[in-house]
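>>> Quick one, what's the 3D model for this:
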Amino acid sequence: MKVVMADLPEKFRSRDSVAGLGIAAIGGVFALGALRFGTGTLTEMGAGFFPFAAGLIAILLGFAVFVSAWRKPPVPITRPAVRAVLFVTASVVVFALTIDRLGLLPAIVLCGIISALADRSTRLHEAALLAVSLAIGIWLVFVQLLGMPIPAVAGV
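This is a model prediction of the structure:
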């Protein structure tokens, strides 16, 4: 028996229902994948603790989105904004390719500017200001407060 989207109840065909289930599924993949690295305990966290916790949180949030979709009128599923998908994906790729070569601050600035361009109404100077602020905030939290050994700028 083949199930088609049209055969599902209208609430299952809403954008929020599908998004909630998608978020929960991605969280489940993260949580299961994290088990390979060992989670440890709260006092001695293993390498898989944070991805496992993040996966569980994503599962809970996904189900919350799914359940909340049943309380409001369904919003039909529309075609995704191709521009947004391309720019956000490109920003993640650029970040991955530049963090080792350029350092944390330049990689985040590039990532922030590229992802901000996903919205046509964003002005370049606004994107740059947001990206620089984001880079400084991330550097303060992860390098200064948490002491992670990530160079702010490569070679410096």
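>>> where in this structure is pLDDT low?
1-13 (pLDDT under 70).
>>> now the helices for it?
15-34, 49-69, 82-102, 104-116, 124-138 (DSSP state H).
>>> could these be laid out in JSON lines, adding mean neighbour count?
To be clear about C-beta, it is placed using only N, CA and C from the backbone, and glycine gets the same treatment. Shown next, in JSON lines, are those (neighbours: other CB atoms under 10 Å):
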{"stretch": "helix 15-34", "mean neighbour count": "17"}
{"stretch": "helix 49-69", "mean neighbour count": "16"}
{"stretch": "helix 82-102", "mean neighbour count": "14"}
{"stretch": "helix 104-116", "mean neighbour count": "22"}
{"stretch": "helix 124-138", "mean neighbour count": "15"}
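>>> Among the ones you listed, which comes closest to residue 42?
helix 49-69 (8.3 Å; CB to CB).
>>> Give me the helices and strands touching that closest one, please.
Helices and strands touching helix 49-69, by 3 or more CB pairs under 8 Å, 6 or more residues apart in numbering; DSSP states H and E, are helix 15-34.
>>> tilt between the helix it packs on and helix 49-69?
Relative orientation of helix 15-34 versus helix 49-69 (axes from the mean of the first three to the mean of the last three CA atoms, to 10 degrees): 160 degrees.
>>> Distance from helix 15-34 to the middle of the chain?
Centroid separation for helix 15-34 versus its chain: 12 Å, with CA atoms, centre = their mean, to the nearest Å.
>>> I'd like the helices of the chain as TSV, with distance to residue 144 appended.
Shown next, in TSV, are the helices of the chain (distance: least, CB to CB, whole Å):
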stretch	distance to residue 144
helix 15-34	27
helix 49-69	19
helix 82-102	17
helix 104-116	11
helix 124-138	10
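>>> and of the ones you listed, who's closest to residue 153?
helix 104-116 (5.8 Å).
>>> before we move on, back to that, what's the closest of the helices of the chain to residue 146?
helix 124-138 (10.6 Å).
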